[in-house]
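J.: Got a sequence here, can you model it:
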Amino acid sequence: MGGEPFDTSDFRCLLSWELVEQREAGFDVTGLEDAVVRALTAKDPEMCSRLLEALGHCPRLAAWPYDEPEELADILVGTGDNAVRRPLASTEVAGRIWAAWAGRSAGNMLGRPVEGWSREQLRSYLELASAYPLTDYIPALDPMPAGCNFNPCWATTTLGRISEVTRDDDIDYTILNLVVLETFGRAFTTDNVGSSWTTYLPYQSVWVASRAAYRNLVNGLRPPQTAIHLNPYREWIGAQIRADMWGYVNAGRPREAATLAYRDAILSHRTNGVFAAIWAAVLIATCFVQPTMREALDIALTYVPHRSRLAESLRLVMTQFDAGSSWEHARDEVERRFGSYSFVHAVSNAAVLAAALLWGEGDFSQTIGLAVQGGWDTDCNGATAGSAFGAMHGPASLPDKWIAPLRNSVRSAVIGFDQIGIDELAARTAAHYTAG
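T.: You can find the predicted model right below:
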């Protein structure tokens, strides 16, 4: 994930997105909307700062239909550690962890050049390139069609130009959470996660909610204030993309995966941003031991508060799948209901991801292809789709055309990990798996 206009230092940007966040979260902001427009027009930082404070005190609308708790005990009400369908030998888990790492890397690379593109823009481009539906990395047309602009990484992430896993925050966070485990063990705290960020990860390599939390850390704030103070991006996808490690080391143990994901996520996110991290971690933990994505998704959904917007978006997709709808129709429904959210919001992107896993039908190419074809946060969705698929189906399920170009080499901004091998990352991760 990356790029502005999601600035964490410009009060005008923060105010604009805080108004959106509070409105989406069911707070009555009508009395402040005109004042926000005036402040943004006047480019008045002091007025913006006062209005940011005022937005935090808006009352919730009486008709708000959702219940989105903050505390882990309230989030996990009614859940159980019910994913273990069969015991796993450590050697099998190690192979599945490698496949999850490799699948995550390939899915991330597939989505990187088109991050932020709409579904319609993607389809138009891919049809011109004779690459729709996606079955391989995205080809670069020369010249590029008008209105189609790849992200700057395109020269190392498009078909025929890939020779490694290029540096991206989706992979950095998975590596960094390995560092957390290696340094602090399973008893790590949210403060430990924060200190790992400021020790191992450069500020400029993180984005949106994570950058806001990082800024808050270096200014002396501690969790949970790091996730709240001047952070209108707190329900976006940034915690979800950090969650895979907690699933890897808790194969078949969803409740433990959820607990570790929560401790990590609350450094930078609240409510649906946290729910999405828990959901992703539980999904991946469950994929190791369940035979189908539908069964894994059923279990993961029980870890999402039933009356949350995230649960609503996931149920929408699963209902469409059960009704026999096409992927295109289901994606239309997601657009209709959640298309007004930011392209990096957790609620909308989780729906795109769930649809890719369901309609991917046990085929790796189709799964990560749909995750990217769905648009919005394509690199994040491609990465998590590949991760979950690898965890469920193992090394033999990953076609060589996706894995060979990566050459077992991962670039990373995490200090001490640049150009590390996927093999080494998987082996060091598997060392933290404990059965039972």
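J.: I'd like the distance from stretch 311-328 to the chain centre, please.
T.: 20 Å (C-alpha atoms, centre = their mean, to the nearest Å).
J.: Residue 361: which element?
T.: Using DSSP states H and E, residue 361 maps to neither a helix nor a strand.
J.: quick one: low-confidence parts of the protein?
T.: Applying pLDDT under 70 to the chain flags residues 1-5, 80-86, 435-436.
J.: Which residues belonging to the longest helix anywhere in it are considered buried?
T.: Criterion DSSP state H: the longest helix present in the chain is helix 90-111. For helix 90-111, a neighbour-count test (16 or more other C-beta atoms under 10 Å) marks 93-111 as buried. Where C-beta positions appear, they are placed from N, C-alpha and C, glycine not excepted.
J.: Equivalent analysis for stretch 361-378, please.
T.: 363-378.
J.: which stretches of the stretch 251-400 of the chain form helices?
T.: Using DSSP state H, counting those that start in this stretch, the helices of the stretch 251-400 of the chain run over 254-265, 271-287, 293-301, 309-322, 327-338, 346-359, 364-373, 378-393, 400-403.
J.: So what angle separates the directions of the second one and helix 309-322?
T.: Same thing as helix 271-287. 50 degrees (axes from the mean of the first three to the mean of the last three C-alpha atoms, to 10 degrees).
J.: how deep is residue 356 tucked in, by neighbour count?
T.: For residue 356, the count of nearby residues is 30 (other C-beta atoms under 10 Å).
J.: Pull the distance from stretch 261-276 to the chain's centre.
T.: That offset, for stretch 261-276, works out to 11 Å (C-alpha atoms, centre = their mean).
J.: swap in stretch 212-219?
T.: The answer for stretch 212-219 is 20 Å, by C-alpha atoms, centre = their mean.
J.: got the CA positions of that stretch in CSV?
T.: The C-alpha coordinates for stretch 212-219 follow below in CSV (Å, rounded to 0.1, in the frame of the first residue of the first chain):
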residue,chain,number,x,y,z
ALA,A,212,-0.1,8.0,11.9
ALA,A,213,0.6,5.5,14.6
TYR,A,214,4.4,5.7,14.0
ARG,A,215,4.2,9.5,14.3
ASN,A,216,2.3,9.1,17.5
LEU,A,217,4.9,6.7,18.9
VAL,A,218,7.8,9.0,18.3
ASN,A,219,5.9,11.8,19.8
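J.: And for that stretch, what's in contact with it?
T.: If you take C-beta atoms under 8 Å, 6 or more residues apart in numbering as the criterion, stretch 212-219 is touched by 8-9, 194, 197-198, 203, 206, 225-227, 229-231, 233-234, 267-268.
J.: So which of the residues you listed belong to helices?
T.: Those of the contacts of stretch 212-219 lying in helices (DSSP H): 194, 197-198, 225-227.
J.: From those residues, list just the buried residues.
T.: In those, the ones that pass as buried (16+ other C-beta under 10 Å) are 194, 197, 226-227.
J.: Return the closest of the residues you listed with respect to residue 405.
T.: residue 197 (30.2 Å; C-beta to C-beta).
J.: Of all the residues in the helix or strand containing residue 124, which ones are buried?
T.: Element membership for residue 124, per DSSP H and E: helix 119-128. Within helix 119-128, the residues that count as buried by 16+ other C-beta under 10 Å are 119, 121-126.
J.: tell me what that helix is packed against?
T.: Packing partners of helix 119-128 (3 or more C-beta pairs under 8 Å, 6 or more residues apart in numbering; DSSP states H and E): helix 364-373.
J.: The helix it packs on to helix 119-128, inter-axis angle?
T.: 130 degrees.
J.: ok, and what's touching helix 364-373?
T.: 103, 106-107, 110-111, 114, 119, 122-123, 126, 132-136, 138, 327, 352-353, 355-357, 359-360, 378, 381-382, 384-386, 389-390, 393, 397-399, 402.
J.: so what's the residue lying closest to residue 432 once chain neighbours are set aside up against?
T.: Closest residue to residue 432 apart from its sequence neighbours, by C-beta to C-beta, 6 or more residues apart in numbering: residue 249 at 4.3 Å. Residue 249 makes contact with 181, 186, 260, 429, 432-434, according to C-beta under 8 Å, 6+ apart.
J.: Now do residue 249 against residue 89, distance only.
T.: 16 Å (C-beta to C-beta, to the nearest Å).
J.: What of residue 403?
T.: 23 Å.
J.: higher neighbour count, these two?
T.: Between residue 403 and residue 89, residue 403 has the larger neighbour count (other C-beta under 10 Å), namely 19 against 9.
J.: got a list of what that one touches?
T.: Neighbour list for residue 403: 102, 106 [criterion: C-beta under 8 Å, 6+ apart].
J.: Next, work out how far apart it and residue 409 are.
T.: Counting by C-beta to C-beta, the gap from residue 403 to residue 409 is 12 Å.
J.: what does residue 173 give?
T.: 19 Å.
J.: Which one of these two is surrounded by more residues?
T.: Comparing residue 173 with residue 409 by other C-beta under 10 Å, the one with more neighbours is residue 173, at 26 against 15.
J.: now that one, nearest residue through space, not along the chain?
T.: Residue 173 sits nearest to residue 242 (C-beta to C-beta, 6+ apart), 4.1 Å away.
J.: Give me the neighbour count for the one you found.
T.: 28.
J.: Residue 278 reaches residue 264, doesn't it?
T.: No. Counting by C-beta atoms under 8 Å, residue 278 sits too far from residue 264 to count as a contact (9.9 Å).
J.: Neighbour count for these two, which is higher?
T.: residue 278 (31 against 28).
J.: show me what contacts that one?
T.: Neighbours of residue 278 in contact, by C-beta under 8 Å, 6+ apart: 75, 243, 258, 261-262, 265, 303-304.
J.: ok, now how distant is it from residue 305?
T.: 10 Å.
J.: any idea whether residue 88 is helix, strand or coil?
T.: coil (DSSP: H, G, I helix; E, B strand; the rest coil).
J.: Next, give phi and psi for it.
T.: phi -120, psi 130 (degrees, to the nearest 10).
J.: Tell me, how many residues neighbour it?
T.: 17.
J.: joint contacts of residue 278 and residue 305?
T.: Common neighbours of residue 278 and residue 305, using C-beta under 8 Å, 6+ apart, are residue 75.
J.: sorry, back to before: any shared contact partners between residue 278 and residue 264?
T.: Joint contacts of residue 278 and residue 264 (C-beta under 8 Å, 6+ apart) are residue 243.
J.: in stretch 391-410, what counts as buried?
T.: Neighbour-count burial for stretch 391-410 [16+ other C-beta under 10 Å]: 391-395, 398, 402-403, 405-406, 408, 410.
J.: In JSON lines, list these along with distance to residue 286.
T.: Converted to JSON lines, these look like this (distance: C-beta to C-beta, whole Å):
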{"residue": "391", "distance to residue 286": "9"}
{"residue": "392", "distance to residue 286": "9"}
{"residue": "393", "distance to residue 286": "14"}
{"residue": "394", "distance to residue 286": "15"}
{"residue": "395", "distance to residue 286": "19"}
{"residue": "398", "distance to residue 286": "19"}
{"residue": "402", "distance to residue 286": "23"}
{"residue": "403", "distance to residue 286": "24"}
{"residue": "405", "distance to residue 286": "30"}
{"residue": "406", "distance to residue 286": "26"}
{"residue": "408", "distance to residue 286": "28"}
{"residue": "410", "distance to residue 286": "25"}
